[in-house]
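*Asks:* Just need the structure, nothing else, for what follows:
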Amino acid sequence: MSAVKIVGFIVAAGFSMNTMAAEFSFDRPGTGFGTGITPVGQLAWEQGLPSVSYNESTVEGEKQKTVTLNADMLLRTGLAKDLELQLGWQGPAWTKVKRAGQSVEEDGLGDVSIGVKKAIDLDDDKLSMAILAEAILATGNDGFSNHDDIYSLSSAVAYAASDLITTSITMRYEAQNSNWAVTAVPTIEYKIADKWSGFSELVYRKAESEDYEYSLGSGVIYALNDRVQMDASMGVDLNGKDKSYQSGLGVSFLF
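*Replies:* As a prediction, the model looks like this:
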């Protein structure tokens with residue numbers, strides 16, 4: 001059975017469940033996603049301002065430094081009280097590679113994505129769940145694209161331990177050109193003060209025929225009101241000898 005048929009089968013099965021959407025929340029920032037659904041007739045716009053990654057490695061005995069910036073974005077709109085459509089774009093990107101005293105700069109456009117997220121009713125006031133079926137289409141320019149389409153099925157389960165702390169875990173299963181990968185993202189979200197909150201996450205990924213990958217991330221969120229939030233985040237990869245860091249600023253609106 002192809003990856004597309006598998007995703008379609010599981011999503012169709014999910015549609016047959018009794019569902020109830022959790023309270024709306026933005027999916028920025030972080031690697032995982034929330035269980036909230038965008039209200040019907042409204043649009044959520046989540047924009048990176050931008051996202052930055054830095055990698056330092058050794059190539060042929062020379063130290064190589066790579067900096068990448070991209071202004072990723074995600075649009076979400078409610079189709080039903082428990083169902084939303086997502087359209088994403090990795091956005092315009094710029095990269096600079098420096099090695100042996102020489103620098104090479106490139107720019108281009110990233111891939112686009114389309115997804116459907118559905119809330120699942122767990123019949124529990126503190127537990128919420130959602131599933132997300134997504135296709136990332138390799139439409140970007142060389143150097144800024146995944147080259148082959150990626151089809152994925154993800155689930156997110158969140159537990160509101162109190163008014164101050166929420167824990168969650170996102171599981172993502174993906175297929176790209178017959179190769180499979182799995183990603184697990186346990187996350188803790190916490191209230192800091194008034195309109196400020198924060199999060200911390202561990203990202204684990206295992207791709208077929210590849211080494212295990214680990215990273216840590218953390219960030220803060222400022223909710224201006226129920227419809228606007230700003231965020232800042234940082235992360236570090238824990239793989240091998242290479243030094244790799246990520247950071248990002250973002251803003252999200254609900255119209």
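
*Asks:* and Ala138, how many neighbours?
*Replies:* Applying other Cβ atoms under 10 Å, we find 15 residues neighbouring Ala138. For glycine as for every other residue, the C-beta is placed from the backbone atoms N, C-alpha and C.

*Asks:* now it: how far from Phe144?
*Replies:* Per Cβ to Cβ, to the nearest Å, Ala138 is found 10 Å from Phe144.

*Asks:* Next: Asn177.
*Replies:* Noted for Asn177: a distance of 18 Å to Phe144, by Cβ to Cβ.

*Asks:* coming back round to it: quick check: neighbours shared by Ala138 and Phe144?
*Replies:* Asp111 (Cβ atoms under 8 Å, 6 or more residues apart in numbering).

*Asks:* So which residue is smack in the middle of the protein?
*Replies:* Thr31 (4.0 Å; Cα atoms, centre = their mean).

*Asks:* Tell me the secondary structure at that residue.
*Replies:* Under the three-state scheme (DSSP: H, G, I helix; E, B strand; the rest coil), Thr31 adopts coil.

*Asks:* That one: what's it in contact with?
*Replies:* Counting by Cβ under 8 Å, 6+ apart, Thr31 has contacts Thr170, Thr183, Val185, Glu201, Val203, Gly217.

*Asks:* what do you get if the cut-off is 10 Å, keeping everything else the same?
*Replies:* Residues near Thr31 by Cβ atoms under 10 Å, 6 or more residues apart in numbering: 170, 172, 183-185, 187, 201-203, 205, 215, 217, 233, 235, 246.

*Asks:* Kindly report the same for Pro92.
*Replies:* Counted by Cβ under 10 Å, 6+ apart, Pro92 has contacts Pro50, Leu69, Asn70, Ala71, Asp72, Asp107, Gly108, Leu109, Gly110, Asn141, Phe144.

*Asks:* how does it look with 8 Å?
*Replies:* Pro92 makes contact with Asn70, Ala71, Asp107, Gly108, Leu109, Gly110 under the criterion Cβ under 8 Å, 6+ apart.

*Asks:* Filter those residues down to the buried ones, PyMOL style.
*Replies:* Selection command for PyMOL covering only the buried members of the contacts of Pro92, criterion 16 or more other Cβ atoms under 10 Å:
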select buried, resi 70+71+109+110
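
*Asks:* Among the contacts of Pro92, name the ones in strands.
*Replies:* Asn70, Asp107, Gly108, Leu109 (DSSP state E).

*Asks:* Excluding sequence neighbours, find me the nearest residue to the second one.
*Replies:* With Cβ to Cβ, 6 or more residues apart in numbering as the measure, Trp94 is the residue that lies nearest to Asp107, at 4.5 Å, once sequence neighbours are left out.

*Asks:* For that neighbour, grab the count of nearby residues.
*Replies:* Count around Trp94 with other Cβ under 10 Å applied: 15.

*Asks:* which residues does it bridge with?
*Replies:* Note on Trp94: beta-bridge partners Leu69, Asp107, judged by DSSP bridges.

*Asks:* which residues touch it?
*Replies:* Per Cβ under 8 Å, 6+ apart, neighbours of Trp94: Thr68, Leu69, Asn70, Glu105, Glu106, Asp107.

*Asks:* can you check Glu84 too?
*Replies:* Counting by Cβ under 8 Å, 6+ apart, Glu84 makes contact with Ile37, Thr38, Arg76, Thr77, Gly78, Val116, Lys117, Lys118.

*Asks:* From the residues you listed, which land in strands?
*Replies:* The strands, defined by DSSP E, take in Arg76, Thr77, Gly78, Val116, Lys117, Lys118 from these.

*Asks:* Between all of those residues, which two are separated the most?
*Replies:* The largest separation in these, counting by Cβ to Cβ, is between Thr77 and Lys118 at 13.8 Å.

*Asks:* out of the two, which sits in the busier spot?
*Replies:* Lys118 (21 against 17).

*Asks:* Tell me which of Asn177 and Phe144 has more neighbours.
*Replies:* For Asn177 versus Phe144, neighbours defined as other Cβ under 10 Å are more numerous around Phe144 (20 against 11).
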